[in-house]
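K.L.:
here you go, sequence then predicted model.
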Amino acid sequence: MSNLESFRTETRTWLEENCPPLMRTPEKGDTDLCWGGRKFSFQSEDQKLWLERMAARGWTVPTWPKEYGGGGLSKDEAKILAAEMKHIGARTPLTSFGIWMLGPALLKFGTEEQKQEHLPKIARGEIRWCQGYSEPNAGSDLASLATKALDGGDHYIVSGQKVWTSYADKADWIFCLVRTNTEEKHTGISFVLFDMESEGVSTRPIKLISGYSPFCETFFDEVKVPKAARVGDEGQGWTIAKYLLTHERSSISGLWDNVPLGQVAVEKIGTVDGEIVDKMLRYQIAEHEIDSAAFMITLERAGDEAKAGASLGAFSSMLKYYGTELNKERNELVLKVEGSDAFEWEGQFSNNGEVARRWLRSKGNSIEGGTSEVQLNIISKRILDLPA
Amino acid sequence: MALLLNEEQQLLKETAEGFFSKKAPVSALRTLRDDKSENAYDPILWKEMSEMGFAGLLVDEEHGGTGFGYIGAGIVAEAMGKNLSASPFFASTIISAALIKAAGNEEQKTSLLPAIATGETIVSVAIDEKGQHSPESTVLSAERVHEGFRLAGLKIFVPEGGYASQFIVLSRTSGQAGERDGLSLFVVDRRTAGLIVDTVVTADSRNWAKLTFENVTLDAAALLGPEGAALDILEPVLDRARVVISSELLGISQECLDRTVVYLKERKQFGVLIGSFQALQHRAAELYSEIEITRSAVLKALQVAGTGTDMAMLSSLVKAKASKTAELATNEALQMHGGIGMTDEFDIGFFMKRARVLQALYGDYNYHANRFARLSGY
């Protein structure tokens, strides 16, 4: 215990000395996030400095082993680091699919060479990854994917199309599900890694209802991928994908902005006798905040259970389902709190329609990473053991 | 503290679940109801519970209790919720013992706590006067007289009041209805002249009570805690009691889900098990999710309850959430059981009736959502 306390003291001092001032202010929107990668340009000197300092300690990925660029922290220490960062309002130094998704999968399924090659670059924010899963005809039924990888001896020749590839146009590498066998549905899938600058790769951004284009269509035209870049055995891709989706689901569930809705409403709408004037809205906010507080406690519990060695398994489907539904509800409430102010689409006043665009973006939360309905299917089959 | 049960608590959970499912399952409550049992609880069961140490969970060892605290209390309450075990556990062990511990002088503690811990004395608490919970609206007057105090007024919704032998009564010694100040607690023996106890058989097949005070004269020593400042003591105790009620509601919700899932795997229609229908699978999965979210909040609150921290907001959060989930669970369980769920012969109705009574006890969903908002500053 005293070890943890001294870790807390040291961490606090280090953060105090090393977290630049601008990085202690709240992010104004997704554009303020640090994604890293070859094509990324930093928004500020502070953002660059913060990434470098944290990466040097391995604290962009606190629990990864040190030899792969991580901080080698225990889960207890990582919890303290997170709490201390929260305490001073420090921003996340690096947001990355490499950290959330690929990293854990490589740590579990990758060869030593693959770990050495990719993990440190993820940790330092040098390579930005995207995920090639969904296809035009493989959404909720992901395992019906058709992008084919033909055997070319020491390499595969990959052809096909992916869709909803997050930030494919900004990513450097892709982790991708491909079909190495057309006879077997699930066991015909393999998991490969390749550079987005490889010959035959092209991307086209998809404009969303929010006006932004966080997703792309991605096309592969006879892309050469060395077999050494396959993670796991041939046909093991589905197992790896499922493992990785569990991580994605846990991450999406915890990914939302925690604007204290009640306080915003107090400032925006005003109070009588300390209560928001719009009584119906006040009730709706209270109802939502109760659910959301209970959900946050559940994330804490899930973390503690994982720390105690329990496998979250299908429980992460519940977290994904509940968290994303809550986030959609929260965005609807933000809209109600803002009233007509929420609808300015362009202009300084609204920071180019930040509220409205964020609200529209949230609609995708319960679709991406497996729809809410797919999560409910998983809960009913794997947890409640209901018949097919 | 990690949000998990430790080994000792896990063991208590297994013991409690084994004990109540064997000794006091739903069928026992049905028998008590059908026999029109005078007390609506089984004194032999209560004696056994006391011997197990359940009656003294919140009483310190010095006064003959086990001092297991709120986490233990929540575990036992959850097991009782699963089985709908009828007993004076909540009224006597939880809220009365905690109030006496918090407000009582040494003499009151010595005379009451050991008797509560052994189960010999059953104490209950009289707070509400109208259908809506609102302690500060107390009207029942306690006027200072030569001998001590004279109480006049009405109390309703007194848990297990039909057979409790002592009551802790929230009374107004000064000020007006609606004011926080001016409230005091008194310990009143059931046999005191002028006190009329009317048993109220409630929908959940328990014997609650309405108390009428017709100029009940009490000794000054009957005052429990400081005069005029009862709410400062009562509120923290109520907040903890609400968490224990939430634990029982959680047990009810979980049992409703478990029974429903079993039924979905047995019942056939259109030639297939109805559990294969996605419409029902999703309803069950949604209910599962709500119960897990509730479970986390309840456990967190039980952990905090054992500390001296102010937990008004957390308690309201938990009571609100557990009430909403139990309403959903009992409604969904009945719907998914179909016609058989509507029959008295089937048990689901018992869970629904108990849940609604507990939802209302010491503030329902709306009361606590409103309080949560107020405490959050909006």
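P.N.:
Perfect, thanks for sending it. Numbering: from 1, shown residues only, chains lettered A, B, ... in the order given.

K.L.:
all the helices of the stretch 1-150 of chain B, in order from the start?
P.N.:
Secondary structure of the stretch 1-150 of chain B (DSSP state H, counting those that start in this stretch): helices located at B:7-23, B:26-34, B:43-51, B:69-83, B:97-103, B:106-117.

K.L.:
now do the fourth one against helix B:43-51, angle only.
P.N.:
Translated: helix B:69-83. 150 degrees (axes from the mean of the first three to the mean of the last three CA atoms, to 10 degrees).

K.L.:
excluding covalently adjacent residues, which one is nearest to the residue of the stretch 101-250 of chain B found nearest chain A?
P.N.:
Of all residues in the stretch 101-250 of chain B, B:Ser246 sits closest to chain A, at 11.1 Å by CB to the nearest CB. Yep, even glycine has a C-beta here, placed from its N, CA and C like the rest. Of all residues not flanking B:Ser246 in the chain, B:Ala322 sits nearest, at 3.6 Å (CB to CB, 6 or more residues apart in numbering or on different chains).

K.L.:
report the contact partners of the one you found.
P.N.:
Neighbouring residues of B:Ala322 by CB atoms under 8 Å, 6 or more residues apart in numbering or on different chains: B:245-247, B:249-250, B:253, B:294, B:297-298.

K.L.:
and A:Glu217, bridged to which residues?
P.N.:
A:Arg204 (DSSP bridges).

K.L.:
quick check, it in contact with A:Gly160.
P.N.:
No: the criterion here is CB atoms under 8 Å, and A:Glu217 misses it with A:Gly160 at 11.4 Å.

K.L.:
more neighbours: which of these two?
P.N.:
A:Gly160 (20 against 17; other CB atoms under 10 Å in any protein chain shown).

K.L.:
quick one: mean pLDDT for stretch A:37-45?
P.N.:
Across stretch A:37-45, pLDDT averages out at 94.

K.L.:
ditto for stretch A:200-211
P.N.:
Rounded mean pLDDT across stretch A:200-211 is 95.

K.L.:
neighbouring contacts of that stretch?
P.N.:
Outside stretch A:200-211, the residues touching it (CB under 8 Å, 6+ apart) are A:158-159, A:163-165, A:168-169, A:174, A:194, A:196, A:213-224, A:345, A:353, A:356-358, A:360-361, A:363-364.

K.L.:
not counting sequence-adjacent ones, nearest residue to the closest residue to chain B within the stretch 51-200 of chain A?
P.N.:
Using CB to the nearest CB, A:Asp76 is the residue of the stretch 51-200 of chain A that sits closest to chain B, at 9.7 Å. By the measure of CB to CB, 6+ apart, the closest residue to A:Asp76 outside its immediate chain neighbours is A:Leu4, 5.8 Å from it.

K.L.:
how close does the one you found get to A:Leu299?
P.N.:
Using CB to CB, to the nearest Å, A:Leu4 is found at 21 Å from A:Leu299.

K.L.:
which of those two has more neighbours?
P.N.:
More neighbours surround A:Leu299 than the other of A:Leu4 and A:Leu299, with 17 against 13 (other CB under 10 Å).

K.L.:
tell me which stretches of chain A form strands.
P.N.:
A:129-132, A:148-151, A:155-166, A:173-179, A:189-195, A:201-206, A:215-226, A:230-231, A:271-272, A:275-276 (DSSP state E).

K.L.:
give me the mean pLDDT for the last one.
P.N.:
The one in question is strand A:275-276. 97.

K.L.:
re earlier: ramachandran angles for the residue nearest to B:Ser246?
P.N.:
phi -60, psi -40 (degrees, to the nearest 10).

K.L.:
quick check: next helix or strand after the longest strand anywhere in chain B?
P.N.:
Taking DSSP E as the criterion, chain B has its longest strand at strand B:207-219. Of the helices and strands lying after strand B:207-219 in sequence (DSSP states H and E), the nearest is strand B:223-224.

K.L.:
partners of that following strand in the sheet?
P.N.:
As assigned by DSSP bridges, strand B:223-224 forms pairs with strand B:183-189 (antiparallel).

K.L.:
which positions within the strand it pairs with qualify as buried?
P.N.:
B:183-188 (16 or more other CB atoms under 10 Å in any protein chain shown).

K.L.:
neighbouring contacts of it?
P.N.:
Looking at what lies outside strand B:183-189 - CB under 8 Å, 6+ apart - the contacts are B:99-100, B:103, B:108, B:112, B:123, B:135-136, B:138, B:142, B:149, B:151, B:165-173, B:175, B:195, B:216, B:218, B:222-231, B:233-234.

K.L.:
make it 6 Å
P.N.:
B:138, B:166-169, B:171-173, B:218, B:222-225, B:227, B:230-231 (CB atoms under 6 Å, 6 or more residues apart in numbering or on different chains).

K.L.:
ok, stretch B:153-166 next?
P.N.:
Applying CB under 6 Å, 6+ apart, the set of residues contacting stretch B:153-166 is B:39, B:88, B:91, B:121-124, B:126, B:128-129, B:139-141, B:187, B:189-190, B:199, B:207-213.

K.L.:
of those residues, just the buried ones, ChimeraX syntax please.
P.N.:
Command for ChimeraX, covering only those of the contacts of stretch B:153-166 found buried under the criterion 16+ other CB under 10 Å:
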select /B:39,88,91,121,122,123,124,126,128,129,140,187,190,199,207,208,209,210,211,212,213
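
K.L.:
next, count neighbours for the nearest residue to B:Ala305 once chain neighbours are set aside.
P.N.:
Spatial nearest neighbour of B:Ala305, chain neighbours left out: B:Tyr70 (3.8 Å); criterion: CB to CB, 6+ apart. The number of residues packed near B:Tyr70 is 24, by other CB under 10 Å.

K.L.:
which residues touch B:Tyr70?
P.N.:
B:302, B:305-306.

K.L.:
rebuild the residues you listed as CSV, extending it with secondary structure, neighbour count and pLDDT.
P.N.:
Below are the contacts of B:Tyr70 laid out as CSV (DSSP: H, G, I helix; E, B strand; the rest coil; neighbours: other CB atoms under 10 Å in any protein chain shown; pLDDT from 0 to 100):
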residue, secondary structure, neighbour count, pLDDT
B:Leu302, helix, 26, 98
B:Ala305, helix, 26, 97
B:Gly306, coil, 16, 93
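
K.L.:
need those residues in TSV (columns: distance to B:Ile75).
P.N.:
As requested, these are exported to TSV (distance: CB to CB, whole Å):
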residue	distance to B:Ile75
B:Leu302	8
B:Ala305	12
B:Gly306	13
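
K.L.:
out of those residues, the closest to chain A would be?
P.N.:
B:Leu302 (11.8 Å).

K.L.:
for the closest one, which non-adjacent residue is spatially closest?
P.N.:
B:Gly74 (4.1 Å).

K.L.:
with A:Cys130 instead?
P.N.:
That would be A:Ala171: by CB to CB, 6+ apart, it lies 3.6 Å from A:Cys130.

K.L.:
cool, A:Asp151 as well?
P.N.:
Leaving aside its sequence neighbours, A:Asp151 is closest to A:Thr180 (7.6 Å, by CB to CB, 6+ apart).

K.L.:
and if you look at A:Ala105?
P.N.:
A:Leu244 (4.5 Å).

K.L.:
what's the burial count for the one you found?
P.N.:
A:Leu244 has 26 nearby residues by other CB under 10 Å.

K.L.:
tell me if I'm right that it and A:Met101 touch.
P.N.:
Yes: the pair A:Leu244 / A:Met101 is scored as a contact, 5.1 Å apart, by CB atoms under 6 Å.

K.L.:
sorry, back to before: what helix or strand is the residue of the stretch 101-250 of chain B closest to chain A on?
P.N.:
Going by DSSP H and E, B:Ser246 is part of helix B:230-264.

K.L.:
how about the residues of the stretch 201-350 of chain A near chain B?
P.N.:
Taking CB under 6 Å from any CB of the partner chain as the criterion, the stretch 201-350 of chain A approaches chain B at residues A:262, A:266, A:276, A:282, A:286, A:290, A:293-295, A:297-298, A:300-301, A:304, A:308, A:318, A:322.
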